[in-house]
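> When you get a sec, could you give me coordinates for this:
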Amino acid sequence: MLVQRLRIGIALGLLAMVGSPGVQSSELPEKPASIYVSVYDDAGLGQQTIREAEEASSTIFAGAGIEVHWLNCGANGEAAQVSSDCSKAKFPDSLQLRFRRKAQGPGLRTDALGVSYLMESGDGCYSHVFVEPVERLRSRYSISLGTILGDVATHEIAHLLLGTNAHSVGGIMRPNWGVRELERANMGTLVFYREQREKMAARVSAGLRRNDQLMLAEKRVAIVGSSHGGEISINFTLDHPEMVEQLVLVGAVVGGMPYTRHFLERGDALGKPLEKGDITGAIAAAVKDKYLTAPGSDAAKKRMSEILSASPQDLTHPDLELPVKSALPRLGEIHIPTLLLVGDTDIPDVHAHAGAIEAGVPRARRVVISDTGHLMYLEKPTEFSRIVIEFLENQ
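Here you go, the predicted structure:
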């Protein structure tokens, strides 16, 4: 994560990489590694500024032996002629970059210029750049907005390629930026250290080789999707039938089938506490909901509360909803064995969707699990696992 340097002398913390920028060409591979970055202009910057940022970033990465191909994906994927590759997220060759107006999210400072999301393994595909803090920083020095946004984007993407959120004492991976960094960015000298260039090149090359090997060894898979994840699983199966061997849908819905007013109003009621920032109230409402878990499922209710309390970001992160695809009329195109699981106390809309899916998919079979709601795998995990495993092994 990158933040503004508001005053001289702020502690830098632990710095994992130190060194001096030097001649960049001698240690680089003959052919640049090639990656793709999907760019979303959620901040409304416009194509000219976005392209200027991409050009600035491409120049810096080229000095590190990495060729970046930019996919301009509009705002939230809603733009004319958006590439079908925009949604791809796979380290290291398919990364995601979003320009947002404000720094929002658990643990983020309001002056954060950007953030990258890494798993414990060091792999990650998603990064954000926050425009308003960048504009405040830019007010201290005359520099093109596109140029400084490109340098910030480079910093955040580099965190993904380096596999760490650690920073360096200077250069483009410095954690706090001020006038000095803006001056260097304006001159095109805010770059990576040699150690950083070498580490990025090695991780990208290794990742690309690994992905190629996985692609060659790729087999058809079984997909298990729950709730809205079931809808996504149906869409994926329709889009990539050659990749899916079996399908398990748990309390699933299907795109193109409308919801009742009762369903929508119940969803609104569950979301009301979050509109006020009341996470505790939202968790309490979910625990009390009669459709998520069946009456008497006290252990499951307690477990749900523990999971949500331990990961409140799952309730507060910005919604990045996928566009609804009308899969209902295409269900007949799914010809693989499909298992539908529904809890008997789940909301009627889910039962209606399950019926429609069962009627539409030729090889679908529906099983209703008694004394469970929408979260049957929390309520009856042993029975749920047995049914799913038997289905997968016997088909």
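> Please save the CA atoms from the longest strand seen in the chain in PDB.
Longest strand of the chain, by residue count under DSSP state E: strand 33-41. The C-alpha trace of strand 33-41 is given here as PDB (Å, rounded to 0.1, in the frame of the first residue of the first chain):
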ATOM      1  CA  ALA A  33       7.900 -11.300 -20.100                       C
ATOM      2  CA  SER A  34       4.400 -10.400 -21.200                       C
ATOM      3  CA  ILE A  35       1.500  -9.700 -18.900                       C
ATOM      4  CA  TYR A  36      -2.100  -8.400 -19.300                       C
ATOM      5  CA  VAL A  37      -3.700  -5.900 -17.000                       C
ATOM      6  CA  SER A  38      -7.500  -5.200 -17.000                       C
ATOM      7  CA  VAL A  39      -8.100  -1.600 -16.200                       C
ATOM      8  CA  TYR A  40     -11.400  -0.300 -14.700                       C
ATOM      9  CA  ASP A  41     -12.000   3.400 -14.700                       C
END
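> For it, buried residues please.
Within strand 33-41, the residues that qualify as buried by neighbour count (16 or more other Cβ atoms under 10 Å) are Ala33, Ile35, Tyr36, Val37, Ser38, Val39, Tyr40, Asp41. C-beta: built from backbone N, CA, C; applies to glycine.
> Same check on stretch 359-369?
Residues of stretch 359-369 classed as buried: Gly360, Val361, Ala364, Arg366, Ile369 (neighbour count, 16+ other Cβ under 10 Å).
> How about stretch 242-258?
For stretch 242-258, by 16+ other Cβ under 10 Å, it's Val244, Gln246, Leu247, Val248, Leu249, Val250, Gly251, Ala252, Val253, Val254, Gly255, Met257.
> Isn't Ile148 up against Arg140?
No: judged on Cβ atoms under 8 Å, Ile148 makes no contact with Arg140 at a distance of 10.9 Å.
> Among the buried residues of strand 33-41, which one lies nearest to His374?
The closest of the buried residues of strand 33-41 to His374 turns out to be Tyr40 (Cβ to Cβ; 30.8 Å).
> mind showing which ranges of the chain have poor pLDDT?
Segments of the chain classed as low confidence (criterion: pLDDT under 70) are 1-31, 76-82, 216-218, 318-321.
> Tell me where it has helices.
Assigned by DSSP state H, the helices in the chain fall at 47-62, 131-138, 145-162, 179-187, 194-216, 228-239, 261-275, 279-288, 298-310, 313-316, 348-360, 376-379, 381-394.
> tell me what the last one is packed against?
Applying 3 or more Cβ pairs under 8 Å, 6 or more residues apart in numbering; DSSP states H and E, we find helix 381-394 packed against strand 244-250, strand 338-343, strand 364-369, helix 376-379.
> Enumerate the positions of it that are buried.
Result for helix 381-394 [16+ other Cβ under 10 Å]: buried residues Phe384, Ile387, Val388, Phe391.
> Strictly from the record, what residue spans define the domains of this protein?
Here the domain assignment for the chain is 26-213, 221-394, based on automatic domain parsing.
> Check the ones you listed for me and report the most buried one.
Greatest average neighbour count among the domains of the chain goes to domain 26-213 (a mean of 18), per mean count of other Cβ atoms under 10 Å.
> chain center to that domain, what's the gap?
15 Å (Cα atoms, centre = their mean, to the nearest Å).
> in the protein, which residue is closest to the centre?
For the chain, Tyr126 is the residue whose C-alpha lies nearest the centre (Cα atoms, centre = their mean; 5.8 Å).
> Look up which residues are beta-bridged to it.
For Tyr126, the beta-bridge partners under DSSP bridges are Gln96, Tyr117.
> what's near enough to touch it?
Counting by Cβ atoms under 8 Å, 6 or more residues apart in numbering, Tyr126 touches Ala89, Leu95, Gln96, Arg98, Ser116, Tyr117, Leu160.
> circling back: on contacts alone, who are the packing partners of the longest strand of the chain?
By 3+ Cβ pairs under 8 Å, 6+ apart, strand 33-41 packs against helix 47-62, strand 66-72, strand 94-100, helix 194-216.
> tell me the angle the third one makes with strand 33-41.
To tie it back to what came earlier, the one meant is strand 94-100. Per axes from the mean of the first three to the mean of the last three Cα atoms, to 10 degrees, the angle that strand 94-100 makes with strand 33-41 is 30 degrees.
> by contact count, what packs against strand 94-100?
Counting contacts by 3+ Cβ pairs under 8 Å, 6+ apart, strand 94-100 is packed against strand 33-41, strand 126-130, helix 145-162.
> so which of these comes closest to Asp344?
Using Cβ to Cβ, those put strand 126-130 closest to Asp344, at 38.0 Å.
> I'd like the helices and strands packed on strand 33-41 laid out as JSON lines, including distance to Arg174.
Formatted as JSON lines, the helices and strands packed on strand 33-41 follow (distance: least, Cβ to Cβ, whole Å):
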{"stretch": "helix 47-62", "distance to Arg174": "14"}
{"stretch": "strand 66-72", "distance to Arg174": "20"}
{"stretch": "strand 94-100", "distance to Arg174": "20"}
{"stretch": "helix 194-216", "distance to Arg174": "11"}
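> I'd like the buried residues of helix 381-394 laid out as CSV, including distance to Ala222.
Below are these laid out as CSV (distance: Cβ to Cβ, whole Å):
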residue, distance to Ala222
Phe384, 15
Ile387, 14
Val388, 9
Phe391, 9
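> In those, find the pair that's most separated.
Phe384 and Phe391 (11.1 Å).
> one step back: which among the buried residues of strand 33-41 gets closest to Thr345?
Thr345 lies nearest to Tyr40 out of the buried residues of strand 33-41, by Cβ to Cβ, at 39.1 Å.
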